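Visitor: Using only what follows, build the 3D model:
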Amino acid sequence: MRKIFLMLALVLASTAAMAQSTRIIKGAVVDKNGNPLPGATVEATNGAESTTVDADGTFSLEVSRWLNTATARYAGMRKKTLEVQDGDMVFRLSPKYEMDWFLNVVAGVVTLDRTFDEYDMLPNTTYSLGLMGGFLGKNWGGYTKLLWFLNSSDVSEPAVPTVTIGATKRVFSFMHAYAGAGYAKLNGVDKEYNRDVSNSDAMAFDLGAIFRVKKHISANVGISWVTDFDQANYYFSAGVGYVF
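Guide: Below you'll find the model as predicted:
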């Protein structure tokens with residue numbers, strides 16, 4: 001009888017020791033909008049313990065009491081690691097290739113190349129209006145910009161805009177730089193005949209920045225250089241718009 005009590009005591013002591021060496025962690029795995037991700041896996045970081053998330057996005061996993069972090073994974077999402085805590089652990093996963101589309105209304109001032117003031121049929125400055133749209137990726141993105149002269153009396157072909165296409169590069173979490181090139185019409189002076197000319201073919205080059213003001217609001221500032229490599233117009237522009 002004494003041996004039986006001794007064996008029972010050893011079993012109870014072993015069970016208590018095992019219980020003290022493990023713990024239960026629980027919580028949920030969701031996307032950035034809070035939608036559950038059933039089928040995701042949660043595992044002890046660099047450990048053997050793992051579990052699959054339920055249909056409602058929740059999980060429960062027994063791990064070593066000394067575990068410091070756990071990691072959640074889901075196909076097409078970036079994995080996320082959190083420190084183990086006593087309360088619910090919520091893993092918010094983001095797409096590996098996250099992309100946001102934007103569309104801005106752009107307005108600005110255009111400076112015209114005015115070499116011969118005595119033939120000043122065109123003003124030295126006028127105004128522009130246009131659209132800028134594209135996508136902002138995690139690191140790289142792209143855009144297209146269209147600009148028109150706002151005062152159609154200043155040009156003979158106002159339907160022909162400045163069209164540029166380029167790339168964006170994330171600089172900070174709230175800021176993307178952009179640069180591009182395209183086609184435009186130059187307005188200036190014919191230096192050979194000393195007279196005003198409009199809408200000669202030219203190249204356009206962009207440089208500027210796009211800002212994420214809020215979750216769904218974007219803004220941009222920049223300059224466009226329109227030139228035939230003899231004369232040049234400069235578009236100083238800024239805009240605001242919506243991020244989808």
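Visitor: which residues touch G180?
Guide: 143, 145, 164-167, 205-206 (C-beta atoms under 8 Å, 6 or more residues apart in numbering). For the C-beta atoms, the positions are set from N, CA and C on the backbone; glycine is no exception.
Visitor: what residue ranges in the chain score low on pLDDT?
Guide: In the predicted model of the chain, residues 1-20, 97-98, 113-123, 150-160, 188-199 satisfy pLDDT under 70.
Visitor: Can you tell me the element the one residue sitting closest to the centre of it falls in?
Guide: Among the residues of the chain, the one closest to the centroid is L136, at 3.9 Å (C-alpha atoms, centre = their mean). In the assignment (DSSP states H and E), L136 maps to strand 125-137.
Visitor: elements contacting that strand?
Guide: strand 99-111, strand 140-149, strand 162-172, strand 232-243 (3 or more C-beta pairs under 8 Å, 6 or more residues apart in numbering; DSSP states H and E).
Visitor: List the buried residues in it.
Guide: 126, 128-134, 136-137 (16 or more other C-beta atoms under 10 Å).
Visitor: before we move on, what about stretch 100-109?
Guide: For stretch 100-109, by 16+ other C-beta under 10 Å, it's 100, 102, 104, 106, 108.
Visitor: Please convert the buried residues of strand 125-137 to a markdown table, extending it with distance to A28.
Guide: A markdown table is the format used below for these (distance: C-beta to C-beta, whole Å):
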| residue | distance to A28 |
| --- | --- |
| T126 | 57 |
| S128 | 50 |
| L129 | 48 |
| G130 | 45 |
| L131 | 41 |
| M132 | 39 |
| G133 | 36 |
| G134 | 34 |
| L136 | 28 |
| G137 | 28 |
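Visitor: Give me the angle between the longest strand anywhere in the chain and strand 162-172.
Guide: Identified as the longest strand of the chain according to DSSP state E is strand 195-214. Counting by axes from the mean of the first three to the mean of the last three C-alpha atoms, to 10 degrees, strand 195-214 points 30 degrees away from the direction of strand 162-172.
Visitor: Can you give the strand pairings for strand 195-214, parallel or anti for each?
Guide: strand 175-190 (antiparallel), strand 217-227 (antiparallel) (DSSP bridges).
Visitor: any chance of the ones you listed in CSV, with distance to K26 too?
Guide: Formatted as CSV, those follow (distance: least, C-beta to C-beta, whole Å):
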stretch, distance to K26
strand 175-190, 39
strand 217-227, 37
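Visitor: So which of these is nearest K80?
Guide: Across these, K80 has its closest neighbour in strand 175-190 (23.8 Å, C-beta to C-beta).
Visitor: got the buried residues for the closest one?
Guide: Buried-residue list, strand 175-190, by 16+ other C-beta under 10 Å: 176, 178, 180, 182, 184-189.
Visitor: Pull the contacting residues for R170.
Guide: Neighbours of R170 in contact, by C-beta under 8 Å, 6+ apart: 136-141, 176.
Visitor: doesn't R92 make contact with M77?
Guide: No. With contact defined as C-beta atoms under 8 Å, M77 does not count as touching R92 (9.8 Å).
Visitor: Comparing the two, which residue is more hemmed in?
Guide: M77 (20 against 16; other C-beta atoms under 10 Å).
Visitor: Next up, phi/psi of that one, please.
Guide: Main-chain torsions, M77, degrees, to the nearest 10: phi -120, psi 160.
Visitor: tell me the contacts of it?
Guide: 31, 37, 40, 93-96.
Visitor: Of the residues you listed, which is the most crowded?
Guide: A40 (24 neighbours).
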